[in-house]
Each structure stands twice: as C-alpha cells, then as structure tokens.
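Chemist: Task: produce atomic coordinates for the following.
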Amino acid sequence: MSAVTHSASRFLLLLQLASPALPVGGFSYSEALESAVDQGWVKDESSAKAWLIDHLHLIQARSEMPLVHEAIKAWRSFDQERLKALSEWALQTRETSEIKLQTEQMGRSLLIWLKNQDIVSIEKIDFCSELSPTWPMVFALCVSEGETPPQEGLMTFAFSWAENMVQAAMKSIPLGQKSGQSILSALSQEIPNAIQTAMNTSDPERQSFAPHLAILSALHETQYSRLFRS
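Modeler: Below you'll find the model as predicted:
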C-alpha cells in the first residue's frame, strides 16, 4: 500500500467513525438536552449553542476526551492493567442509569461493527469484550491502530458527539437546518481548545462532576413525553 493510499484509508476511517450513519445508535440519545428543553433551560438557537458549548468544555473536555486520550495510548501498548482501570473509571462515573445505558449500548454496537472490519487484532477485540465495552473505550480502540495522531482521534470523537447533539437540539427544541449548522460551526470552533484541555488533563484532574446534568438526566427517566433515550 502506497503512502498516499495508506493516508487516505486512515482519513476515510475517521470520517466513517464521525458519521451519523455509523450503526451505534447515537442519534437516539440527547444526553439530557431533551430534559433541559422540557425544563425551559434550552429553548432556542442561542440557548442551545451556549448549552452545548458548556457541555463540550465542562464534560467532554474534562471527562470523556481525556479518557479516550489515555485509552488510545493504553491500546497502542496493549497495557491490560491500564485498560482495565480506565474501563472501570468509565463505568463508575456514569451518574444515572440512562447515561450508563448509553455508553454501554453504543460501546457494544461499535464493537460489533469493529469485529467486521479489518482494523484491529482479534486479541484486542476479545479483550475489549471482556472489559464490558463502553463507548469511549471502544472508540479509542478503533483509532489506536496505525499512525493516527491522538489529536485526530479526539477530533473525530468530539465532532461525532457534536453532530449527534446538534441533531438532538434540532429535533427537541425544534430548530431548522440553518440554526443547526450555526450551532455546529460554533462547536467546531471550540473543539480544538477542548482537545488541548483533554490532552493536558492528568488522571487526578480527570473528572465527571456535573450535578445539573445528572439531575436533568434523572428527571428525563420519568419525563412524560420523550423523543430520546437520554
């Protein structure tokens, strides 16, 4: 395989992982955004943009993305003890049943997809299956093979999240496509800083403390009318 072909294949894999068409069910979750809409906290383009930018910096950049960054390094060295510790942290920091359901369901679905691809070794896939696979851990496995720089893997992870959340905002508020693209553009401008934060976050600094989000997620579990699973 030529260098150009190899680079193109790597880039196309990242596009595939960021695509809403990836069969993992991300479109069915709003990560408590629907609850925030129900409570009147998010009601238009401006409030949705502010909500999602805060979510990116306060949760994704301090919790999920640092976890993915560390997991990429652990998968590359196949440090099994480190991978077990990161997997346990991922499960222990889910604050509601809905959030736990999301990371487990999307993780399992991505692992099923990965088994049908020629990307990583069977040994790593089998080990990942034994970990009770979660979304960030399996995603890290997908981008850990080859020469993909960690920041590109994180950018793919962040953009995938942003795309799904914008779609959730458009459906739940609701908003038109122009507003959706405006929010996605604003998130895209914030993602590089979020990636830098994530890559500079040490284990003791990594945290998922977001009480308002946890409360909204818990309220969503008994919300009268729902479009999304979280």
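Chemist: Please count neighbours and contacts with C-alpha atoms only from this point.
Modeler: OK.
Chemist: Pick out the residue nearest the middle of this structure.
Modeler: What sits nearest the mean C-alpha location of the chain, by Cα atoms, centre = their mean, is Trp161, with 4.9 Å.
Chemist: Sticking with that residue, tell me its helix or strand.
Modeler: Applying DSSP states H and E as the criterion places Trp161 in helix 150-172.
Chemist: end to end, how far does stretch 194-204 reach?
Modeler: Length of stretch 194-204, first residue to last, Cα to Cα, to the nearest Å: 18 Å.
Chemist: Low-confidence stretches in this structure?
Modeler: Scanning the chain with the threshold set as pLDDT under 70 gives 1-6.
Chemist: Which residues are in contact with the nearest residue to Met165 once chain neighbours are set aside?
Modeler: Spatial nearest neighbour of Met165, chain neighbours left out: Ser30 (6.2 Å); criterion: Cα to Cα, 6 or more residues apart in numbering. Listed by Cα atoms under 8 Å, 6 or more residues apart in numbering, the contact set of Ser30 reads Asn164, Met165, Ala168, Ala169, Phe228, Arg229, Ser230.
Chemist: Not counting its own residues, what contacts the helix or strand harbouring Ile112?
Modeler: Applying DSSP H and E as the criterion places Ile112 in helix 97-115. When contacts are defined by Cα under 8 Å, 6+ apart, helix 97-115 is touched by residues 23-26, 29, 31, 91, 94, 120, 122, 125, 129, 132-139, 142, 217-218, 221, 229-230.
Chemist: downstream neighbour of it in the secondary structure list?
Modeler: helix 122-130.
Chemist: and the angle from the helix or strand following that following helix to helix 150-172?
Modeler: Following helix 122-130 in sequence order, the next helix or strand is helix 135-144 (DSSP H and E). Angle between the axes of helix 135-144 and helix 150-172 is 130 degrees (criterion: axes from the mean of the first three to the mean of the last three Cα atoms, to 10 degrees).
Chemist: Just the CA trace of helix 135-144, in CSV.
Modeler: Output of helix 135-144 as CSV, limited to C-alpha atoms (Å, rounded to 0.1, in the frame of the first residue of the first chain):
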residue,chain,number,x,y,z
TRP,A,135,-18.3,3.9,24.0
PRO,A,136,-15.1,5.9,24.8
MET,A,137,-13.0,2.7,25.3
VAL,A,138,-14.1,1.1,22.1
PHE,A,139,-13.8,4.3,20.1
ALA,A,140,-10.2,4.6,21.4
LEU,A,141,-9.5,1.1,20.2
CYS,A,142,-10.8,2.0,16.7
VAL,A,143,-8.4,4.9,16.4
SER,A,144,-5.5,3.4,18.2
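Chemist: Point out the other helices and strands that it packs with.
Modeler: Helix 135-144 sits against helix 65-77, helix 80-92, helix 97-115, helix 150-172, with contacts defined as 3 or more Cα pairs under 8 Å, 6 or more residues apart in numbering; DSSP states H and E.
Chemist: from the chain's centre, how far out does that helix sit?
Modeler: Put simply, helix 135-144 sits 10 Å off its chain's centre (Cα atoms, centre = their mean, to the nearest Å).
Chemist: From Met170, how far out is Leu219?
Modeler: Plainly put, Leu219 is 21 Å away from Met170 if you go by Cα to Cα.
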